[in-house]
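Participant: I would like to see how this sequence folds:
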Amino acid sequence: MHACRHCAHPNADHLAYCSKCGKRIAGAALLPEIGSGARGQIAAMSATAAVSRTMLASSVNGAHGGVRSSGPQTIAMTPGAMARANGASTSRILWAGQSIGYIYVFMRCKLAAGERRKRLGEERDGAETLLSGAIRDLGATVLREGVQHTDLTGLLEAIGRAEARREGAIADLAASEHQKGVEESRLAEGETALEREWKSADAASREADEILRGATAEHAAALARLRQARDERARLEREVETAETAPGGEARIAHLKHDSEGLLAEARALEEQTSRLDKQLADLRDKSSALRNAAGAARAKLDEATATRRQSAAAMAASVASHVRERATAEREGADLTEQLGRAALQARPAVSSLLSVFQRIDRLQETIVDRSRELEALERAAAHYDGRKLLAGVGLVIVLLAAGIATLWWTLRR
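Facilitator: So this is what the prediction gives:
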């Protein structure tokens, strides 16, 4: 903290101007000092509250400093001008100018503090991440070097058990994946064989159905031809009876009887054909039914084999996933125990030369974290040191001046 030599107000280290009176702080640096070796892990990048040496000024007519001027005068808000104006602090015009200029000081300091807070937070988070990695590296180094210490015995044994569980999970995972491949190959081969069997039975059933449809069509055609022959023979017999009653129709009667005998022979042949087709249709129907049932049974076996293969694949996948989870759990437990081992080794500080560099790196990171946290706390404390009354007065004056300017412009345009 720096105390202002004008108003004795305490200010944060990064502020170049007083947050109460707005004057330059004697001996304030625009950039904070970068730490030594303990802060060398992360470079300190600070945003400063650099403000202009010339602030907003009030315009007055008349004399200033013993010199009369014909135009408006500008009061510079430089440290020298502020020192000269300190003797006339009772002047309301000077106080109004300082209040208006304090708005710029407040905004600039707020922006600088926000940027610095962001950078310090990033540096602290980065240091914490590096610290966690360094602690894990310390635990891994203890395991690799085989460091023995009374405070580390329990953790070393727990890490050994976790490593044994991890190796067992890896072996079980490999065995499960091999078994999964073998089982999938066996079930796939069985499913392929059943699919071939079903396709063969289905093709035979379809062929039998085609033959049955052809035989059925042939039987229907034979029956139709048989009915037509019977009807034609009956017509010829009626014509013969009619011709017998008429005189001189012996030749016609002979011709009609000849045609009737031909139709009778054809009808007998068709009757034999239909009888034979009836037997064939019965056999074809039985064969088609048997082949259809065989195809249905083959399809059912294929569906069952497919469902079995899917269930087996799901079960094997669940087994593999469980072994993967066991391995991940063992690895996570090993990592946690390794970190705990690193923390225990950091507290125990075993006298091993290979661990000295890791200890030094962890110490630097811890100092960096503490330093950045302290600077963030200082920024939070400095945020409460602004002069709220002066800031509100400046804002009010700016609003009044703006309103007066707008009113003057409006009145001028109206004229």
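Participant: How about the contacts made by residue 212?
Facilitator: 281, 284-285, 288 (Cβ atoms under 8 Å, 6 or more residues apart in numbering). Where C-beta positions appear, they are placed from N, C-alpha and C, glycine not excepted.
Participant: measure it to residue 281 for me?
Facilitator: Distance of residue 212 to residue 281, computed by Cβ to Cβ, to the nearest Å: 7 Å.
Participant: cool, and residue 185?
Facilitator: Distance from residue 185 to residue 281, by Cβ to Cβ: 47 Å.
Participant: Between those two, which is the more surrounded one?
Facilitator: residue 281 (16 against 10; other Cβ atoms under 10 Å).
Participant: Residue 218 is in contact with that one, correct?
Facilitator: No - applying Cβ atoms under 8 Å as the test, residue 281 and residue 218 come out as separate, 9.3 Å apart.
Participant: rewinding a little: inside helices: which ones of the contacts of residue 212?
Facilitator: Among the contacts of residue 212, the members found in helices (DSSP state H) are 281, 284-285, 288.
Participant: Tell me the spacing between the nearest residue to residue 292 once chain neighbours are set aside and residue 294.
Facilitator: Spatially, and ignoring its direct neighbours in sequence, residue 292 is nearest to residue 205 (4.8 Å; Cβ to Cβ, 6 or more residues apart in numbering). In this view, residue 205 and residue 294 are 7 Å apart by Cβ to Cβ.
Participant: between the two, which one's more packed in?
Facilitator: Per other Cβ under 10 Å, whichever of residue 205 and residue 294 has more neighbours is residue 205, with 21 against 17.
Participant: and the more buried one, what does it touch?
Facilitator: By Cβ under 8 Å, 6+ apart, the neighbours of residue 205 are 288, 291-292, 294-295.
Participant: Out of the residues you listed, list just those in helices.
Facilitator: Members of those lying in helices (criterion: DSSP H): 288, 291-292, 294-295.
Participant: Turn these into JSON lines, including distance to residue 306.
Facilitator: Below are the ones in helices among the contacts of residue 205 laid out as JSON lines (distance: Cβ to Cβ, whole Å):
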{"residue": "288", "distance to residue 306": "26"}
{"residue": "291", "distance to residue 306": "22"}
{"residue": "292", "distance to residue 306": "21"}
{"residue": "294", "distance to residue 306": "19"}
{"residue": "295", "distance to residue 306": "16"}
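Participant: Restricted to buried residues, select those in ChimeraX.
Facilitator: Per 16 or more other Cβ atoms under 10 Å, the buried members of the ones in helices among the contacts of residue 205 correspond to this ChimeraX selection:
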select :288,291,292,294,295
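Participant: what's the closest of the ones in helices among the contacts of residue 205 to residue 324?
Facilitator: Nearest to residue 324 among the ones in helices among the contacts of residue 205 is residue 295, at 42.7 Å by Cβ to Cβ.
Participant: gap between the closest one and residue 273?
Facilitator: According to Cβ to Cβ, residue 295 and residue 273 sit 31 Å apart.
Participant: Mind jotting down where the helices sit in the protein?
Facilitator: Using DSSP H, the helices assigned to the chain run over residues 79-86, 92-145, 153-245, 250-348, 356-382, 388-414.
Participant: what's near enough to touch the nearest residue to residue 163 once chain neighbours are set aside?
Facilitator: Spatial nearest neighbour of residue 163, chain neighbours left out: residue 334 (6.1 Å); criterion: Cβ to Cβ, 6+ apart. Counting by Cβ under 8 Å, 6+ apart, residue 334 touches 159, 162-163, 166.
Participant: any idea of the mean pLDDT for stretch 380-397?
Facilitator: Mean pLDDT, stretch 380-397: 79.
Participant: Could you work out the end-to-end span of that stretch for me?
Facilitator: Criterion Cα to Cα, to the nearest Å; first-to-last residue distance in stretch 380-397 is 28 Å.
Participant: Give me the buried positions along it.
Facilitator: Buried residues in stretch 380-397, counted by 16+ other Cβ under 10 Å: 382, 385-387, 390-391, 393-394, 397.
Participant: biggest separation within these, which pair?
Facilitator: 382 and 397 (25.2 Å).
Participant: about what we covered before: out of the ones in helices among the contacts of residue 212, who's nearest residue 134?
Facilitator: For the ones in helices among the contacts of residue 212, the nearest to residue 134 is residue 288 (81.8 Å; Cβ to Cβ).
Participant: can the buried residues of stretch 380-397 go into TSV with extra columns for distance to residue 98?
Facilitator: Shown next, in TSV, are those (distance: Cβ to Cβ, whole Å):
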residue	distance to residue 98
382	20
385	17
386	14
387	10
390	7
391	11
393	9
394	8
397	10
